[in-house]
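This is the structure alone, sequence omitted:
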C-alpha cells in the first residue's frame, strides 16, 4: 500500500494508524501547492480531489478521506484493537469521536490557516474550537482515550489536529487532560516513528507542534 501524505497534515493520522497496526506501507510525499508528488508525478492524476491523504491499495484501487482510510487500516489488523469489532458498542463510540474531530475540530481549524480569512470569522472559529475542546477535555478527564480504553484511530486524529494549535496561536494550555493526552501520545513509538518519517522531529522523541492541515 502507498500512502500519499504531506508532512504534518491530516494524513499524519492514518500514517500513525498504519504504524500502530504494524502494516507495511510506502510513503509518497505530496506538495499540496503544486499538486506534485516527489519525483514530479501529477497528484491530481492519482486523486482528482487534490488533497491528502490518499491510500493506493495493492490492487490499484484508491481510497480517500482520512477517517475512512484509518478505519480500513485498523480493520486490517483487528488484533491491534485500534477500532473495536463490529457489534462492540465501543466501536461506535470511537467512530462518534472520529466524526467529531473531523467535523467540529479539523474543519474549524481550516479557516485559521487561510490567508485573507476575515478577523471576525477567525475569532468565531477560535471561540468554537475552545467550546468544542471543552467537550474533549471532559471526556479525557474521565477516560484516557476517546471512546475506548485503549489508543485508537480517533486518538490519532485528535493528536494530529490538536498539534496545529500552536501554529495558529490557539492556546489550549488550560485543558490539562488534553495536554496529558498529547504528551502520552507523543511518546508512543509509532507516533515518534511517523513524526520522524515526515521530518517533523529530529532524533529526540519530542512532539513537534508545527504541523499544518491539508
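Nice, I can see it. All values reported here derive from a predicted model rather than from experimental measurement.

nearest residue to residue 109 other than its sequence neighbours?
residue 164 (5.4 Å; CB to CB, 6 or more residues apart in numbering). To be clear about C-beta, it is placed using only N, CA and C from the backbone, and glycine gets the same treatment.

Tell me, how many residues neighbour that neighbour?
Residue neighbour count, defined by other CB atoms under 10 Å, stands at 23 for residue 164.

which SS class is residue 110?
Assigned state for residue 110: helix (three-state reduction, DSSP: H, G, I helix; E, B strand; the rest coil).

how about residue 134, what does it touch?
residue 175 (CB atoms under 8 Å, 6 or more residues apart in numbering).

does it sit in a helix or strand, and which one?
helix 119-142 (DSSP states H and E).

Could I get the pLDDT score of the closest residue to residue 20 other than its chain neighbours?
Distances taken as CB to CB, 6+ apart put residue 190 closest to residue 20, at 4.4 Å, once the chain neighbours are dropped. Listed pLDDT for residue 190 reads 98.

Packing partners of the helix or strand containing residue 190?
In the assignment (DSSP H and E), residue 190 maps to helix 189-197. The helices and strands touching helix 189-197, judged by 3 or more CB pairs under 8 Å, 6 or more residues apart in numbering; DSSP states H and E, are helix 12-20, helix 176-186.

now with 7 Å?
helix 12-20 (3 or more CB pairs under 7 Å, 6 or more residues apart in numbering; DSSP states H and E).

what's the next secondary structure element after the helix it packs on?
Assigned by DSSP H and E, the successor of helix 12-20 is strand 26-31.

quick one: buried residues of that next one?
28-30 (16 or more other CB atoms under 10 Å).

how distant is the helix holding residue 134 from the center of its chain?
17 Å (CA atoms, centre = their mean, to the nearest Å).

Show the subsequent helix or strand relative to it.
Counting by DSSP H and E, what follows helix 119-142 is helix 153-162.

residues making contact with that next one?
Around helix 153-162, the neighbours that count as contacts under CB atoms under 7 Å, 6 or more residues apart in numbering are 10, 12-13, 16-17, 70-71, 74, 82-83, 94, 97-98, 101, 105-106, 109, 136, 145-147, 172, 178, 182, 185, 191, 211.
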